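K.L.:
Got a sequence here, can you model it:
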Amino acid sequence: MRHWIWPPSASVRSPPEKSFFYASGRSSNEVGFLLQLLARLYGSNNVTNCSYYCHQATGVGLQGTMGTGTATVQLEDLAHADMVFVIGANPASNHPRFVHQLKNCRDRGGKVMVINPAKEPGPVRFAVPKSAKSMLSGGTWIASRFIQPSIGSDLALLTALAKLTLENSAHNAAFVDDHTQGFADYKHSLDSLDLDDLLAQCGVPEQELRAMAEDYARAENVIFAWGMGITHHLNGVANVEAIANLALLRGMVGKPGAGMLPLRGHSNVQGIGTIGVKPVLADDVLKAMEAQMGVTLPSQPGLDTLACLRAAEAGEMRNAIIMGGNLFDATPDTAFARRAMDKVNFKLYLTTTLNRSHFNGMENSEALVLPVCARDEEPQSTTQESMFNYVRLSDGGITRLTNVRSEVSVLAQLEAKLLPKEPLDFSRFEAYDKVRQAIADTIPGMAPLADIGTCKKEFIVGQRILHEPVFNTPSGRAAFKTLSMPVHEKTAYPYQLASIRSEGQFNSIIYEEADSYRGTQHRWCVLVSHDDCQRLGLTKGATVTLTSAHGEMKNVEVVPFDLPAGSVMAYYPEANVLIGTEHDPRSKTPAFKSVPVSIKVGIGQKGGVQR
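P.N.:
Numbering: from 1, shown residues only. So this is what the prediction gives:
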């Protein structure tokens, strides 16, 4: 094969800048660390992960406001909150254990504030599996208030809520004065905005938002939770900063029972970022790796996930190591994804499950797919990090198949072939405790990882939980961010589409065609507001064509749904044909959930399942 990433002779090795290294959140901390180390020893900082398609906007937004890019609360804090905001997420489907915590909040007399364009059944009322009473009674009421902004208008709604908080004199002046910076400029920006304009942008009645603001003003301990309904926009970072502003106004960070809780998906997507699978390492981490291992690593910034694929489409990527995930289906603009993947001459996949990435984008290129151990099949213990910054230990040890190897072993042996003259002996890392020691020596907050394999003591990553108002910023203060409202120009595509996942789906893998929560029988459908259905003369089962600037979905079945007028939803990854590669400039996250589309009413056969 041409252009193998580990050629027999170093003289024909591909240039490092023409290779990229990708990890999903399925993989362990141990193998993630080895992947990024292998890439950097090879000379490439094109090291990236699936968070650039999900919560990277969260990391950027929180880092700039709070000094930490992850949750500021731990699981136990939810037991002390008397209010929880759930914004742009459907936890009944994606985080059912979190719904149990929302039920507990309601049982204590607390309130749950849900902000989401679609009025999903689960966040309204949910039969909590852990509660026999809830199951027998037909479900527990979850949402105290449910506000439905138009898709893509989160920044306007959150800013309006902050403006009302100030108008109600409900802000915590002492906290703002003692522990924050930038408030004067932020207040000036709020004063300059017209409430009616903000309400018109988000399409929410003033009375509803005022009632939510009054509830917020009375709450004592508030946790803000959000999902990709906040991050999947051209202004995803600004959306997160607006949530942070709202929390800082009332001092709802820096004490027990209050703070920020991004709802992440993959089991170790956060840990993969923690241990360095990203295109830019912090200077202290880079220096620690070089000092501890006696190596020199590249310092130039690498490319994020989407940038790697854009470079591939331009013919600038010859090779890739792709560890887990389904990069083809996860990438916006299906035609672009196919072209880009096919331009990568050779792809090495390490996977537990075959998926569409292994078969698409293969017309003119080659790939090697290696089966690897799942977590419970690993020959040694591995670790993962939860969305609460909690590092867990998995013992593994189950022998399910005889023809799979651990990812750690594969990478350790690959390094010997790829970098035969490298002085760092990768073979020692086949002992996972050695990998964990290297992580403990180089990654801030991960020191307890060194002996977790023997002492079995799980832990919370240091310097992240904010139970005191001391922030890991240069000033030690949290920062208000002054934000500009996006300008929405009228186009030939008057509707805003959000791509969504179904109940019978995990990430991009689909296990059931029907969606029990939304009442759809197959996935080739579009959820349209009742108002739009009436205006367009559409009934359930009618077929339409959805068109964007990037593609179209023909003969899509209409399902009337509780949505604001002008907002529609379709299933991912099918809807990727409509989604372009436009992205938030700060986080590089594509706008999966605010896609301008048109609806053409057509006559014809109902569309089948088309993926």
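K.L.:
Counting neighbours, what do you get for Arg535?
P.N.:
As a burial measure, Arg535 scores 11 neighbours (other C-beta atoms under 10 Å). Using the backbone N, CA and C atoms, a C-beta is placed for each residue, glycine as well.
K.L.:
Apart from its neighbours in sequence, what residue is nearest it?
P.N.:
Closest residue to Arg535 apart from its sequence neighbours, by C-beta to C-beta, 6 or more residues apart in numbering: Ala565 at 7.8 Å.
K.L.:
what's near enough to touch that neighbour?
P.N.:
Applying C-beta atoms under 8 Å, 6 or more residues apart in numbering to Ala565 gives the contacts 150, 203, 529, 531-532, 535.
K.L.:
any weak-confidence spans in the chain?
P.N.:
Within the chain, the segments meeting pLDDT under 70 span 1-12, 126-138, 266, 603-611.
K.L.:
Between the contacts of Ala565, which sits nearest Val408?
P.N.:
Ser150 (47.1 Å; C-beta to C-beta).
K.L.:
helix or strand for that closest one, which one?
P.N.:
Using DSSP states H and E, Ser150 maps to neither a helix nor a strand.
K.L.:
number of nearby residues for it?
P.N.:
Using other C-beta under 10 Å: Ser150 sits among 23 other residues.
K.L.:
how about the strands in the stretch 1-150 of the chain?
P.N.:
All strands of the stretch 1-150 of the chain, identified by DSSP state E, counting those that start in this stretch, fall at 19-23, 47-49, 83-87, 111-115, 125-126, 140-141, 145-147.
K.L.:
residues in contact with the fourth one?
P.N.:
Put plainly, it is strand 111-115. Applying C-beta under 8 Å, 6+ apart, the contact partners of strand 111-115 are 82-88, 102, 105-106, 123-124, 142-147, 149, 154, 157, 212, 215-216, 219.
K.L.:
Name every strand pairing with that strand and say which way it goes.
P.N.:
Here strand 111-115 has these sheet partners by DSSP bridges: strand 83-87 (parallel), strand 145-147 (parallel).
K.L.:
One more: the second one?
P.N.:
Each strand that strand 47-49 pairs with, and the sense of that pairing, follows from DSSP bridges: strand 19-23 (parallel).
K.L.:
Dump the C-alpha coordinates for the partner strand into CSV.
P.N.:
Extracted C-alpha coordinates of strand 19-23, given in CSV (Å, rounded to 0.1, in the frame of the first residue of the first chain):
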residue,chain,number,x,y,z
SER,A,19,-1.3,13.1,9.0
PHE,A,20,-4.0,13.5,11.7
PHE,A,21,-4.8,11.5,14.8
TYR,A,22,-8.4,11.3,16.0
ALA,A,23,-10.0,9.8,19.1
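K.L.:
ok, and what's touching that strand?
P.N.:
For strand 19-23, the external contacting residues (C-beta under 8 Å, 6+ apart) are 5, 31-32, 35-36, 38-39, 42, 44, 46-50, 272, 277, 302-303, 305, 308, 311-312, 317-325, 327.
K.L.:
In helices, which of those fall?
P.N.:
Among these, the members falling in helices are 31-32, 35-36, 38-39, 42, 272, 305, 308, 311-312, 327 (criterion: DSSP state H).
K.L.:
burial count for Ala320?
P.N.:
Counted with other C-beta under 10 Å, residues neighbouring Ala320 total 24.
K.L.:
With the one 5 residues further on instead?
P.N.:
By the criterion of other C-beta under 10 Å, Gly325 has 26 neighbours.
K.L.:
ok, it to Asp82 distance?
P.N.:
Separation of Gly325 from Asp82 (C-beta to C-beta, to the nearest Å) stands at 38 Å.
K.L.:
ditto for Arg26
P.N.:
36 Å.
K.L.:
So the two - more neighbours on which side?
P.N.:
Arg26 (25 against 17).
K.L.:
dump the residue contacts of that one.
P.N.:
So Arg26 contacts 266-268, 324-325, 352 (C-beta under 8 Å, 6+ apart).
K.L.:
Write the ChimeraX selection for whichever of the residues you listed are buried.
P.N.:
Buried subset of those, written as a ChimeraX selection, criterion 16 or more other C-beta atoms under 10 Å:
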select :266,267,268,324,325,352
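K.L.:
Go through the contacts of Arg26 and name the one nearest Ala242.
P.N.:
Nearest to Ala242 among the contacts of Arg26, counting by C-beta to C-beta, is His266 at 25.2 Å.
K.L.:
ok, back up a step: now which of the contacts of strand 19-23 would you call buried?
P.N.:
Among these, those classed as buried by 16+ other C-beta under 10 Å are 5, 31-32, 35-36, 38-39, 42, 44, 46-50, 272, 277, 302-303, 305, 308, 311-312, 317-325, 327.
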